[in-house]
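> Here's my sequence, what's the structure:
(chains A, B, C and D)
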Amino acid sequence: MNDLAAPLQEEANTAFRQEVREWLAANFPSELANQDNTLATIEGNAALSPPAEKWKTAMGEKGWGTPTWPAEYGGGGLNRKQTKILQEEMAAIGAWNPIGGMGVMMLGPTLLEFASEEQKHQHIPPICRGEIRWCQGYSEPGAGSDLAALQMRAEDKGDHYLVNGQKTWTSGGQWADWCFALVRTDTRHKHEGISFVLVDMKTPGIEVRPIQLISGTSSFCETFFTDVKVPKENLVGEENRGWHIGKRLLQHERTNLSGGNRGGRSGGSLHKIALKYLDLDSAGRLVDKDLRTRITRFEMRQRAFRLTAGRVMEAVKGGAPAAASSILKNVGAEMTQERAELSLEIMGMQGLGWEGEGFTPQELMGTRSWLWGKAVSIYGGSAEIQNNVIAKRILGMEGEPG
Amino acid sequence: MNDLAAPLQEEANTAFRQEVREWLAANFPSELANQDNTLATIEGNAALSPPAEKWKTAMGEKGWGTPTWPAEYGGGGLNRKQTKILQEEMAAIGAWNPIGGMGVMMLGPTLLEFASEEQKHQHIPPICRGEIRWCQGYSEPGAGSDLAALQMRAEDKGDHYLVNGQKTWTSGGQWADWCFALVRTDTRHKHEGISFVLVDMKTPGIEVRPIQLISGTSSFCETFFTDVKVPKENLVGEENRGWHIGKRLLQHERTNLSGGNRGGRSGGSLHKIALKYLDLDSAGRLVDKDLRTRITRFEMRQRAFRLTAGRVMEAVKGGAPAAASSILKNVGAEMTQERAELSLEIMGMQGLGWEGEGFTPQELMGTRSWLWGKAVSIYGGSAEIQNNVIAKRILGMEGEPG
Amino acid sequence: MAVLTEEQSLLRDMARSWAQEQSPVKAFRQLRDKGAEGWDPERWQSIAEMGWTGIVIPEEHGGADFGFLGLGLVLEETARTLTASPLAASALAASSALVLGGSAEQQARWLPGIAGGDVIATLAVDDGPRHCPEDIHCVARQVDGGWLLNGEKAFVAEGGSAELLVIAARCESGPALFLVEADNPGLTRSPRRMADARNYAALALENLKVPDAALLGKAGDPELLDAVLDRARIGAAAEMLGLATQAFETTLEYLKTRVQFDTILARFQALQHRMAKQFTEIELLRSCVESALLAIDNNDPELPLLASLAKATACDTLHLVSREMVQLHGGIGMTDEHDAGFYIKRARSLENAWGNASFHRDRYASLSGY
Amino acid sequence: MAVLTEEQSLLRDMARSWAQEQSPVKAFRQLRDKGAEGWDPERWQSIAEMGWTGIVIPEEHGGADFGFLGLGLVLEETARTLTASPLAASALAASSALVLGGSAEQQARWLPGIAGGDVIATLAVDDGPRHCPEDIHCVARQVDGGWLLNGEKAFVAEGGSAELLVIAARCESGPALFLVEADNPGLTRSPRRMADARNYAALALENLKVPDAALLGKAGDPELLDAVLDRARIGAAAEMLGLATQAFETTLEYLKTRVQFDTILARFQALQHRMAKQFTEIELLRSCVESALLAIDNNDPELPLLASLAKATACDTLHLVSREMVQLHGGIGMTDEHDAGFYIKRARSLENAWGNASFHRDRYASLSGY
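Now for the predicted structure:
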């Protein structure tokens, strides 16, 4: 934008801010303020309360749950500045985005980039409205971090693929309506034999078994495919070229505001928990100075992480590639885990409750979140894989596999 | 020893303790108490004061500078218990061992294991008396941690080898009388083409150039060999079998009480420095709690390190191999460096003096020691090499080179 | 490993093979799945039969008087496989209180039962979720012929099963330890279900009356409490050494077999160096734990320092190793069917037991005079 | 890198190419070898000609009023090659004191000279070797028509060369800043020769008399001192970012060329992960430094918090990177002929400047209310 246009633009933004404020006042049920919680959005399929259901519908119809996506597919069609205004106004009243999940975080942006017009019109609007729950069919037993070693076979049967094999770590597989999956369409090439397909989870031949995690919850599944017919129109991009699409989707996973990248933000600031649970000295400082130092280290690093995330956003907006984006996944995961460990330490034994009497629901949730959070440095490219990527792609230190 | 002999043994030890105490009273000049200092023993060839000279002569003649070595070669011939008594009695009055250097730490034990009777009689007694200063001719430019890539050629000329090439990191090369060196006697094999020889530094063709270090001192040299004649009787062990001897010597370097393995012990306890330089609160605790925590971490780890060194000694005494010995080099180096960094932090800018007014000699020495100490995780098998060794030899994780 | 006497070596070998064969992790899993008491009566029976319940109890009271190094070896070995037993609470912590502070009558009354495993005893010191023995709010007021205790105790290990509770309270002159029987009408016990699936209880003491004979040692003597706590701390450190050792070995085994990118994980240098780091920490921890155990047996005046060194080092080391266990196992380590979760959960409980690393670093520095 | 205006980008590019081409590390080495003043008059001349000495000085006083982000970029780039100049002391620290606290007369008297590079000024706050602005012992006593200063100042950067010294002293109502000219007879300056071979001095103030007009701002105003210090802290952090970046890049280059065990070091995964770690820390530091610089320019109320964040992060990051630089270079990094030693020495000086990581963590926590 040039300098002459700036005042006009400023005026339009002010008007937009007013519009947002009024719409939120009319649509956001104030009893829901700050009622968002990480675990529930990651795990489970808990029924929404009537006000939450109403809020979700309103946001879905407005398209503001996916504010930057094109309006023609049901998105908000907002520019960056408007998006920022929306986020600021929501934050000001404790409103949260009820539209989320893998469809928003990972699949939507990928479809916008690679899918056909028909596929976009079919799949993106329900994502914007939060109607369809997607799961990810990537990992397989034995493949782990070496994703391209995947074996699940999709045989060309003319108008459909016949899919056989097993996926694992299918997040939310037991609740998902659809699955985006990487399948093997050519056994002779490793990376060049992989295709990206969309699978309706109601198709006959799909069996889902939840995996119980150390947190006691089951947010992932093993998913078995036996002679599952996937229509050819559900192939995204070209056959055998799915690896590229699949990797791109992982980039969205890594840089988006999902699990790890919340950077330990959920649950309020750590030192507030400390002030609640720990003793203070006469100057109002925490008595346990050793722990105080570690809380401070965490909070400073968290601030540095957020500033970096902001810097990456700015750079992306300016069209510049930001090397710093490569560090967000690992630092975000570290923040999530460190926050949980420090919370535990602050609470002492009170932070290790599993169930039953003597613990608040938040405390019990804290135990589960702590354990669940160990996954954020494993899934979506483990910390080790991320470090390999930084060393090789960003720093040019080539040589090791992976 | 069986139980019946124990009381007799106890009596003998008591008598020995009395003998040691009397001998020390007669021979250790009390003005030298606690006057030992690391840097001077590692670097330079500072002239000894007359009492120090007298003390060195007395210990050398008694053989107690090398207490466990056989008396027939000039050692003390003491058993472990007696050695411990000697060390205890010396520590009690601040007496220190004036006999040291590479001859004691590394070469002596190696010669005792591998040398011929003639070689032992020629070389070990002067080491016990601290008369001959040895230097190490191992590293070469370009070889670094990959020691076996050494190139210095020793051609067989009948009664002697003709040696040509260059060594680097020759510790104390400029002050040394003799050098133990690894040379290449066979160019067709890497490890099996290396021999272990003893070289008189006065031999024509040897040129020594001190390397200036970041500490501003020059304790190492580049050493150039041009047509240097080394008599065949100076070959230790068999020709082309020197790699094994050379590695064994490095084990002595690693587990002996040299540089890194002092574990940050020199200079008194760290918290005493802190109590001298830093402010205390009303309870007598350091005001800077963040630093206090890190000093405590250091002192606890140092204690753990010393306990481990003691455990390894006990195990060795019991004839059992101690896997723990493999960690001593790295932890010792870490302690040395961490101690120096924390001292610096305690002293603030006062800990960074280089020369001139405004600093005590101890403070200036501290700056140099801090910088010099960065070498202890590099020489004698870098920290990285040690970790490779632990992973592969001790933990059985094979695969990487090195 | 410290140089052991022949008897100590035998004891360690026996404990190791019993734990690995008779009390494997699978046994703990079954117990957890049953949602039972949090300890295992059948294995407790074996433990008692082998005499481990009486290792530090004098022979005259039915024990072996074998020393804390011996008990530490057993705790280490049984902790490796997560054996769920009241051994640390009863045979170490509560026994120490009786051995150090008990009168002849008190010892004769309780020690034989504890030594035989028939009586389970425990030690209850902290009122809240963090260790803070210098700030006990639970009060003991001297009344006619006895004491009246009021207050709370939190997260008492084996608190739900113990027949005898050694309870710390504050009297006018300082802390004091009291022997309280579980059926005392002034005592209410509420179970706390923890992540580690062991047996903890919250105690409420409401006008709990005990006779004068229930007081251990002198009222207001902080030294007795300290001495008992140091033994409990070292015992916890020994358990943590066992957990760390086993967690590390399990991870190492996994790395040697798991293939990724056409090679075993153990060949990746970055993982090699992380394992070398953990190995280093565990070896340092072993030195600390063994020295602290020996310091008890030798009446070493440095015992408090060594106890804090052992416990703090155990906390830091096990924290690292338990996190690396999950991370290096990748997805499988996140699943409940794998054992990694058991280790990290148990690790955090023991980190809290009798003072975490932060507590013991502060104590070490204070004891050292800075 | 923050999104820069076109002018800021130009400035950064100019600073980078000037530093790399006109003021390489070799220039610092020559200066060090000469044992000279600790800064480089010839390059100082260029710096002044390019106008960098006046970046944050108002235009009316001969400066460019270009903002702290601009000056930060220049400090970062010149620090990369260890350019030895009074830029931070004079054009940032002392200038900030005058700009924030100076009267019109004081500004008119001094700022043009500083902006032009003809006057070198510096800021002297600490009496001792550690940063402790809340405990200034140096006292200022009001006397007839002026002030009498007594006390000491330690390790004043450019203290030996500065013509104008901004000196903090404690008066009855709190801290105050005074403009002291170098030729004041009450001032004695003694050089301190430090490991980083830069220019430091100890000041002795003995009945040093200054007129009322030498007082900056109000006497006893801690906010002025804080505001000046925060700018100095952020300036030091910008320099440290430059040092860390260059040290890291030099190490990376070395690993890519050095062959060991028949392969380049850059292929060893353990080293790759250590470099990835350092890269991560430097990127986080960059965000902190840039945000802090912008916070000055934007009068952000969070400036104190962001200043402490930037300085503490700079200390930790540069500490790590400078140690890794020596370690990963192996033997060659230990030699004086290699540059690694320069970076680690300079790093430690700047870690001490205006508060180390420990100081700023404590401040951050206190400012956050815990």
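> what helix or strand is the closest residue to residue A:183 other than its chain neighbours on?
Excluding the flanking residues, the one nearest residue A:183 by CB to CB, 6 or more residues apart in numbering or on different chains is residue A:154, at 3.8 Å. For glycine as for every other residue, the C-beta is placed from the backbone atoms N, C-alpha and C. Using DSSP states H and E, residue A:154 falls within strand A:153-156.
> Can you tell me which helices and strands that strand packs against?
Contact here means 3 or more CB pairs under 8 Å, 6 or more residues apart in numbering or on different chains; DSSP states H and E; on that basis strand A:153-156 packs against strand A:160-171, strand A:178-184.
> try it again with 6 Å
When contacts are defined as 3 or more CB pairs under 6 Å, 6 or more residues apart in numbering or on different chains; DSSP states H and E, strand A:153-156 packs onto strand A:160-171.
> mean confidence score for the strand it packs on?
Averaging pLDDT along strand A:160-171 yields 94.
> same question, stretch A:304-322
For stretch A:304-322, the mean per-residue pLDDT is 85.
> now what about the strand holding residue A:154, what contacts it?
Around strand A:153-156, the neighbours that count as contacts under CB atoms under 6 Å, 6 or more residues apart in numbering or on different chains are A:161, A:162, A:163, A:164, A:165, A:183, A:184, A:185.
> For that strand, buried residues please.
residue A:154 (16 or more other CB atoms under 10 Å in any protein chain shown).
> Just give the nearest non-adjacent residue to residue A:73, would you?
Spatial nearest neighbour of residue A:73, excluding adjacent residues (CB to CB, 6+ apart): residue A:124 at 3.9 Å.
> Next one: that neighbour from residue A:173, what distance?
According to CB to CB, to the nearest Å, residue A:124 and residue A:173 sit 22 Å apart.
> Show the pLDDT at residue 252.
Using chain A. pLDDT for residue A:252: 78.
> wait, chain C
Confidence at residue C:252, expressed as pLDDT, is 98.
> That one - that's part of a helix, no?
Yes. Counting by DSSP: H, G, I helix; E, B strand; the rest coil, residue C:252 is part of a helix.
> how much space is there between it and residue B:326?
Residue C:252 is 15 Å from residue B:326, where distance means CB to CB.
> Compare those two and say which one has the larger neighbour count.
Neighbours were counted for residue C:252 and for residue B:326 using other CB atoms under 10 Å in any protein chain shown; residue B:326 has more, 22 against 19.
> Can you name the residues that contact that one?
Contact partners of residue B:326, counting by CB under 6 Å, 6+ apart, are B:390, B:394.
> which SSE is it in?
Residue B:326 belongs to helix B:325-347 when assigned by DSSP H and E.
> Might you enumerate the residues of the stretch 101-250 of chain A proximal to chain D?
For the stretch 101-250 of chain A, the contact set with chain D under CB under 6 Å from any CB of the partner chain is empty.
> Closest approach to chain B from the stretch 101-250 of chain A, which residue is it?
residue A:146 (16.4 Å; CB to the nearest CB).
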